[in-house]
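K.L.:
need a structure here:
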Amino acid sequence: MKSPIATLALAGSLATLTVCAYGQSPKSGFFRPAATPKTGSQPTASATSSALASGSQAGASAPTDPNIRPANVAGAMPALDYPDQNQTPKIALPQDAIEPYLLTKDVGPFMVLAKTFRGPDAERSALALVLELRNEYQLPAYILRSKDFPRNSNIRNVPPTAPAGMDRARLTDPERVRSFDEAAVLVGNEKTLKGTEELLHRVKKIRPKCIDNLPKLYAWQTGLSKATRTTNPYVPAQNLFPGHNDPFVTRMNKGPNSLYNCTANYTLEVANFSGRGSFVIAGTQPLNDLGLKKSPLITAAEDAEKMAQSLAKSEEIKQLGQPVFVYHDRSSSRVMIGAFNAPNDPAAVQLRERLLRLAVPLIQPDPTTGRRKAVTDTMIVPAAALTEVGPLKPQ
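P.N.:
Coordinates of the predicted model:
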C-alpha cells in the first residue's frame with residue numbers, strides 16, 4: 001500500500017504533465033498560426049503588431065459577411081426556393097385531365113407512397129408517373145395534392161370530415177388558391193397490412209423512365225427505392241382497424257325494422273333519439289342489460305321504434321316507396337328512411353325534398369275532417385347527407 005506522501009507526489013507529477021501538454025509552444029499543434037503567402041515562414045510577434053498598426057492607420061475596414069442582409073430594407077431577403085423547382089423537365093409533361101386520377105376514399109385503405117413532387121409542375125409530373133405505373137406495371141396509382149390533404153387548415157369539403165356523399169376533395173375559394181404546389185403519388189388498393197408489405201417490396205424495385213427526365217433534388221435519385229407504406233388519408237381512422245363487434249349492440253338491432261336488413265349502401269336519417277346527459281353522484285351505471293333498463297336511453301329506443309312503425313304504416317310514407325329502418329347503439333337510436341346504392345343518387349334528393357314538405361303534416365291531424373290522428377308526435381328532420389350503412393353493420 002502506497003503512503004499518502006507517495007500518492008500526493010504521483011498526483012503532482014500528473015498535474016505537471018497536464019500543464020505541460022496544454023502549455024506547449026504556439027508554433028505547434030492547433031495553435032500554429034497561418035503561414036505567410038510568400039515564404040511560408042511563421043510571422044513573429046513584432047511583425048503581427050506592425051501589420052495591425054499599419055492596417056489601422058490606412059483606415060482598412062473589417063471584413064464583412066456577404067450573407068448578412070439588413071432587415072429594414074425592402075427586398076433584401078430573397079424568396080424561399082427549392083433546387084428542383086429551378087430545373088426544366090426533359091420530357092413533355094402530359095396534359096390530360098387530372099381529376100380521373102385523383103385519390104378517392106374508396107381506394108385502399110392501405111397503400112404505398114411512391115414519390116412526392118414539388119413546384120409549379122408538381123401535378124403534371126405526378127400525372128406522368130401515374131400513367132407509367134398504370135400502363136407499364138399495371139399498378140393502381142393515384143395523385144394526392146397537398147391542398148386536398150385532410151386535417152390541414154382547409155377541412156371544408158375534404159374527406160373524411162366532408163359529407164358522406166363526397167368521395168374526394170372538392171375545394172373552392174379561398175382554399176383552392178391558398179395552398180402549396182405539391183403532389184404525391186400513392187399506389188395500391190390493399191385491404192390488409194400484409195398485402196401492402198408485398199406491394200412495397202414490388203414498388204421499391206421499379207425504376208420508372210420518367211423519373212430520370214423530371215426535376216429532382218439529387219442526381220442519383222432514379223427509382224422508387226425510397227417508397228414507404230401509408231394509408232389513405234380520406235378513410236376515417238376507425239375504419240382502418242375496426243374493433244370487435246359489440247354483442248350488446250347486435251342484440252338491440254334484431255327487430256323487424258333493423259338497419260341490418262338494409263341491403264343498400266346508403267340511407268337517409270330523419271330522427272335521432274338519445275338519453276339525457278347528467279352527472280351521477282352515486283356512481284356510473286353498468287353498461288349491460290340491467291343498466292340499460294334503468295337508463296333513460298330505454299325511452300329513446302322505444303320512441304325510435306314507435307316512430308318507425310308509425311311512419312311505415314302512414315299513407316304518406318307508403319307513397320314514397322322507401323323502407324323505414326331503425327338503428328340502436330349505446331348512446332342513441334336513429335330512424336332512417338330509404339335505401340340507395342350511391343351517395344349522390346337523384347332519388348335520395350327527391351326523397352329528402354318530399355320529407356321536408358311532409359315534416360309538419362305528419363305531426364298534425366287532418367285539417368279538413370279532423371278525424372285522422374297525427375302520424376307521430378315528434379317532427380322528422382331529414383339529414384343533409386346520406387348515412388353509410390356498411391360501418392354500422394357487424395363485420
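K.L.:
so residue 225, which of the three states?
P.N.:
The local conformation at residue 225, judged by DSSP: H, G, I helix; E, B strand; the rest coil, is coil.
K.L.:
surely it touches residue 203?
P.N.:
No - taking contacts as CB atoms under 8 Å, residue 225 lies outside contact range of residue 203: 9.2 Å. (Glycine included, C-beta is placed from N, CA and C.)
K.L.:
in this structure, which spans are strands?
P.N.:
110-118, 141-145, 182-190, 228-231, 266-274, 324-328, 332-340, 387-388 (DSSP state E).
K.L.:
between the third one and strand 141-145, how many degrees?
P.N.:
With axes from the mean of the first three to the mean of the last three CA atoms, to 10 degrees applied, the angle from strand 182-190 to strand 141-145 works out at 140 degrees.
K.L.:
which parts of strand 182-190 are buried?
P.N.:
182, 183, 184, 185, 186, 187, 188, 189, 190 (16 or more other CB atoms under 10 Å).
K.L.:
and those, which is closest to residue 199?
P.N.:
Taking CB to CB as the measure, residue 199 lies nearest residue 188 of these, at 4.9 Å.
K.L.:
and the closest one, what does it touch?
P.N.:
Taking CB atoms under 8 Å, 6 or more residues apart in numbering, we find residue 188 in contact with 108, 110, 111, 112, 139, 140, 195, 196, 199.
K.L.:
in contact with the closest residue to the first one other than its chain neighbours, which residues?
P.N.:
Distance criterion CB to CB, 6 or more residues apart in numbering; nearest residue to residue 108, sequence neighbours excluded, is residue 232 at 3.6 Å. Contacts for residue 232 (CB under 8 Å, 6+ apart) come out as 103, 105, 107, 108, 109, 110, 111, 186.
K.L.:
can you do 6 Å?
P.N.:
Residues near residue 232 by CB atoms under 6 Å, 6 or more residues apart in numbering: 107, 108, 109, 111.
K.L.:
how about the backbone phi and psi for it?
P.N.:
Per-residue torsions, residue 232: phi -70, psi 120 (degrees, to the nearest 10).
K.L.:
do the same with the one 10 residues further on
P.N.:
Dihedral angles of residue 242 (phi, psi; degrees, to the nearest 10) stand at phi -60, psi 140.
K.L.:
which residues touch it?
P.N.:
Applying CB under 6 Å, 6+ apart, the residues near residue 242 are residue 395.
K.L.:
what's the spacing between it and residue 236?
P.N.:
To residue 236, residue 242 is 10 Å away according to CB to CB, to the nearest Å.
K.L.:
same check, this time on residue 135
P.N.:
According to CB to CB, residue 135 and residue 236 sit 32 Å apart.
K.L.:
those two: which is more packed in?
P.N.:
For residue 135 versus residue 236, neighbours defined as other CB atoms under 10 Å are more numerous around residue 236 (15 against 10).
K.L.:
just give the number of residues close to the residue nearest to residue 361 when sequence neighbours are not counted.
P.N.:
The shortest distance from residue 361 to any non-neighbouring residue, by CB to CB, 6+ apart, is to residue 316 (7.1 Å). When neighbours are counted by other CB under 10 Å, residue 316 registers 14.
K.L.:
what residue ranges in the protein score low on pLDDT?
P.N.:
1-60, 69, 71-87, 150-156, 161, 165, 171-180, 217-220, 275-298, 366-372 (pLDDT under 70).
K.L.:
tell me the domain boundaries of it?
P.N.:
85-239, 247-392 (automatic domain parsing).
K.L.:
turn those domains into CSV, columns for distance to residue 68.
P.N.:
Listed next are those as CSV, based on distance: least, CB to CB, whole Å:
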stretch, distance to residue 68
domain 85-239, 24
domain 247-392, 56
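K.L.:
quick revisit: who has more neighbours, residue 225 and residue 203?
P.N.:
Neighbours per residue, other CB under 10 Å: of residue 225 and residue 203, the larger number sits with residue 203, 27 against 11.
K.L.:
list the contacts for that one?
P.N.:
112, 114, 187, 224, 227.
K.L.:
count of neighbours near the last one?
P.N.:
This means residue 227. Using other CB under 10 Å, residue 227 has 22 neighbouring residues.
K.L.:
could you report the separation of it from residue 184?
P.N.:
Taking CB to CB, one finds residue 227 at 11 Å from residue 184.
K.L.:
one more: the fourth one?
P.N.:
Relative to residue 184, residue 224 is positioned 12 Å away (CB to CB).
K.L.:
then residue 353?
P.N.:
40 Å.
K.L.:
ditto for residue 124
P.N.:
According to CB to CB, residue 124 and residue 184 sit 14 Å apart.
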